[in-house]
Structures are given as structure tokens and as C-alpha cells.
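A.B. asks: next one to model:
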Amino acid sequence: MSAFEDAATAAAPFLGAAALRTLAERVSQGWPEEAVLSGLGDELIDTARPIVQAIGRDHEPASQAAAFLRGLAAGYSRQVGSVGVETVWSGPSSHAVPVRATAQALVDVVAAATSELVLMTYSAKPHEPLRQALAAATARGVRTTVVVETLQGAGSALAGSEPAAAFAGVSGVQLWHWPAGRRSQRGAKMHAKLAVADRSVLLVSSANLTQSGVETNIEAGILVRGGSAPVRAAEHIAELKASGVLGRLTVGGGPGE
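C.D. replies: Residues are numbered from 1 along each chain as shown. Next comes the predicted model:
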């Protein structure tokens, strides 16, 4: 494939069918680069820009580029329309009713990511299989965001090390939190536990990112492949970051600059 086709194919899961169709329409009409990108929103502009730039570098005819983008949009629409859902469990297994283990499902989600990975957790403790999977993901260029609660945010509900410390030393992981000063109600917690890979796979669970959470406790969750749920989850977190609801953390767990 050409550089343009590679860029468009890689960006399709993040742009979605509607944005791909918008790009196709504007490209077909010969709009300049900034006009093609205008109004898409910061997150989508950054994702779409390499596509538009590649069209120029490859000297791709506008009609052919637009046709390719429309085909991607149609294919992506069919793909997200096919949804697979299964339950995942931590804790004791049952031979009579085979279930997917949370620990393995979590590592599989991280290992499947090729471009973007987002995790959220309330509590976190170093869990070596997860740390290794995250290190491998960042090493292959996956943009990795982990949103954690802080001791300050949790009040007396959490003790010991900062949850962010569970990811210390894993190069490339961006840590985020919900600053206590930005919470509209006193006592509100960052209590979500989920993982999203490439906006196409979503794991939602009651399990924190601790060994007891993903292996020992009885915890339940669902693993969703395809459909709009993974896309919407990633988009919501991206918007919380962009709007300032979430803020950066340093590796040690303190507020970032």
C-alpha cells in the first residue's frame, strides 16, 4: 500500500466512519490541508493530519484518495456493527462453567494494542505481568495513558503507596488523575476500572489493577470487541483530558506541570 493508504488504514479506528466520510468529501473537492482538517476537533485533527499530508506527498489523485476513504468508512461501519461480548472473572474458577480470567483478559487487551491504549483504575499495586505487557506496548509505539486515583483524592479510603507508583519505571506510560480541586462534590472518587485498546476492544471490570483484583478476589467484568462502546469510552476519556477535568501526574504520583 502507499503511505497514504497506510496512514488512512491506521487512523480509521480512531476517526470513525463519520470523520472518514467528511475527509473524503473535502478531499474530493480539492480543499487545502487546513480546510480539510478544520472543525474535526483537536484529537481527530492530530490523527487525520498524516492522512492529508500523505495525499500531497504521494501525489494521490483527489478522486482516488476520496474513494479509498469512502471505502474505509464503509468497511469500518460494518466492522463496528459486529460486536462480541464475553464475561471475565477473577477468583475461583469453575470447571462446570468455563470463564475467561480477568488477569489474562487484561494482558491480552494490552498486548493487542497497536496504536492507543487507555487504562483507568482506582487502586493499583505492581503486577509484573501487566507491567511487562505495558512495557512491550510502549516499546512498539503504543500511546499509553493510565488514569489513577491518588491518596489525596481517595481520602482515608486508600493507604500506602500512591496508585501511580505501580507504574513507576515503565517507560512511555503517561499518568493522569482527577485533581481533588476539580471535583464538584467533596468525597467524589475516581473509581472507574477499564482498559481500551485501539478504540476497538474494551474491558470493564470491578477489578482494580492489583494482583488481588485481577487474580484473587471474586471480581466480574465484560470484554467487548467491536461496536461503539470501545470508541465512546476512549472518546470520553480523551474529552476529560482535553477539557481539563483530568490532569497529568508525575511518575512519583504528584501533580504534573
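
A.B. asks: what's across from residue 248 in the sheet?
C.D. replies: Residues in a beta bridge with residue 248, per DSSP bridges, are residue 176.

A.B. asks: pretty sure it sits against residue 176.
C.D. replies: Yes. With contacts counted by C-beta atoms under 8 Å, residue 248 reaches residue 176, the gap being 5.9 Å. The C-beta positions use only the backbone N, C-alpha and C, and glycine is treated the same way.

A.B. asks: the two: which is more packed in?
C.D. replies: residue 176 (22 against 14; other C-beta atoms under 10 Å).

A.B. asks: any stretches of the chain with poor pLDDT?
C.D. replies: Along the chain, the model assigns pLDDT under 70 to residues 1, 42-43, 79-81, 95, 251-257.

A.B. asks: max-length helix in it?
C.D. replies: helix 3-28 (DSSP state H).

A.B. asks: mind listing what's buried in that helix?
C.D. replies: 4-5, 7-8, 11-17, 19-24, 26-28 (16 or more other C-beta atoms under 10 Å).

A.B. asks: give the contact list for residue 69.
C.D. replies: Counting by C-beta atoms under 8 Å, 6 or more residues apart in numbering, residue 69 touches 8, 20, 21, 23, 24, 27, 51.

A.B. asks: no wait, residue 58
C.D. replies: Neighbouring residues of residue 58 by C-beta under 8 Å, 6+ apart: 2, 3, 4.

A.B. asks: 10 Å instead?
C.D. replies: Residue 58 makes contacts with 2, 3, 4, 5, 7, 64, 65, as judged by C-beta atoms under 10 Å, 6 or more residues apart in numbering.

A.B. asks: burial of the closest residue to the third one other than its chain neighbours, as a residue count?
C.D. replies: It refers to residue 4. Distances taken as C-beta to C-beta, 6 or more residues apart in numbering put residue 54 closest to residue 4, at 3.9 Å, once the chain neighbours are dropped. For residue 54, the count of nearby residues is 18 (other C-beta under 10 Å).

A.B. asks: in a strand, residue 203, correct?
C.D. replies: Yes. Residue 203 sits within a strand when classified using DSSP: H, G, I helix; E, B strand; the rest coil.

A.B. asks: I'd like to know how far it sits from residue 179.
C.D. replies: Separation of residue 203 from residue 179 (C-beta to C-beta, to the nearest Å): 26 Å.
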